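Asker: turn this into a structure:
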Amino acid sequence: MLEDRKFYYPVNSKGPDQHAASAWRRRGPLRHWTPIGGDQFVTMDADLPYLGDHTPRIQLDGKQPRGFGQSGLAVRKGRAYTGRIVLAGNPGAVVKVTLVWGTEANDRQTVTIRALGPAYRKFPLRFAARGDNDDGRLKIAGTGEGELHVGAVSLMPANNIEGFSPALVSEPLR
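Answerer: Residues are numbered from 1 along each chain as shown. Take a look at the predicted model:
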């Protein structure tokens, strides 16, 4: 469901060049991660990457949420979504991963993560949408002091079969 889940492209409000992904792979506009709290608080860290050349580093600031999100997600009422997020950060930092399917305060569900440390760790995500939206959003935002690194994030319908839609997976030949 997510584009650039391992952060090949920098996270910023500008987004990657539209020609960056092969046209045959795109099914619509290229989605990208955009900062929450301002571009200046999300940088790409090449010193401690989880994968590839760099990893998003978020400079935290007490109670002001900072991070990034991605919109354009098709979310369906009654459907469950699962995934995981890989994080490292200062102990005491609090990360909230939120799936948003509408504009009202109750049109969202949040998973709160508090057990961060200097080493990257995987955390499970599970959401149950209570509304339909073709422009849903996944938000990753942290509060506290210090820094937060997001190594990778995934999200898919919970009925997936090893990462694939059940409609794409056929019975094995006998």
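Asker: tell me who's in contact with the residue nearest the centre of the chain.
Answerer: Compute the mean C-alpha point of the chain, and by Cα atoms, centre = their mean the closest residue is residue 153, 4.9 Å away. Residue 153 sits next to 2, 5, 83-86, 97, 125, 138, 140 when contact means Cβ atoms under 8 Å, 6 or more residues apart in numbering. Backbone N, C-alpha and C define where each C-beta goes, glycine included.
Asker: going by distance to residue 32, which of those wins?
Answerer: residue 2 (10.3 Å; Cβ to Cβ).
Asker: am I right that the closest one is in contact with residue 70?
Answerer: Yes. At 6.0 Å, residue 2 counts as touching residue 70 under the criterion of Cβ atoms under 8 Å.
Asker: which one's more surrounded, these two?
Answerer: residue 70 (22 against 17; other Cβ atoms under 10 Å).
Asker: any chance you could map the strands in this protein?
Answerer: 34-36, 42-45, 55-59, 62-75, 80-89, 94-100, 108-113, 121-128, 133-144, 147-157 (DSSP state E).
Asker: let me have those in CSV, adding distance to residue 167 and mean pLDDT as columns.
Answerer: Shown next, in CSV, are the strands of the chain (distance: least, Cβ to Cβ, whole Å; pLDDT from 0 to 100):
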stretch, distance to residue 167, mean pLDDT
strand 34-36, 30, 96
strand 42-45, 36, 97
strand 55-59, 32, 97
strand 62-75, 14, 94
strand 80-89, 16, 97
strand 94-100, 22, 98
strand 108-113, 25, 98
strand 121-128, 21, 98
strand 133-144, 18, 96
strand 147-157, 10, 96
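Asker: quick revisit: quick check: the gap between the residue nearest to the centre of the chain and residue 132.
Answerer: Between residue 153 and residue 132 the computed distance is 23 Å (Cβ to Cβ, to the nearest Å).
Asker: kindly report the same for residue 94.
Answerer: Going from residue 94 to residue 132 by Cβ to Cβ gives 30 Å.
Asker: next one: residue 5
Answerer: Look at residue 5 and residue 132: by Cβ to Cβ, they are 23 Å apart.
Asker: tell me how many other residues surround residue 105.
Answerer: Neighbour count of residue 105, defined by other Cβ under 10 Å: 6.
Asker: returning to that earlier point: which among the contacts of residue 153 count as buried?
Answerer: Among these, the ones that count as buried by 16 or more other Cβ atoms under 10 Å are 2, 83, 85-86, 97, 125, 138, 140.
Asker: between the strands of the chain, which one is closest to residue 15.
Answerer: Among those, if distance is taken as Cβ to Cβ, the winner is strand 34-36, at 7.2 Å.
Asker: many thanks, have a good one.
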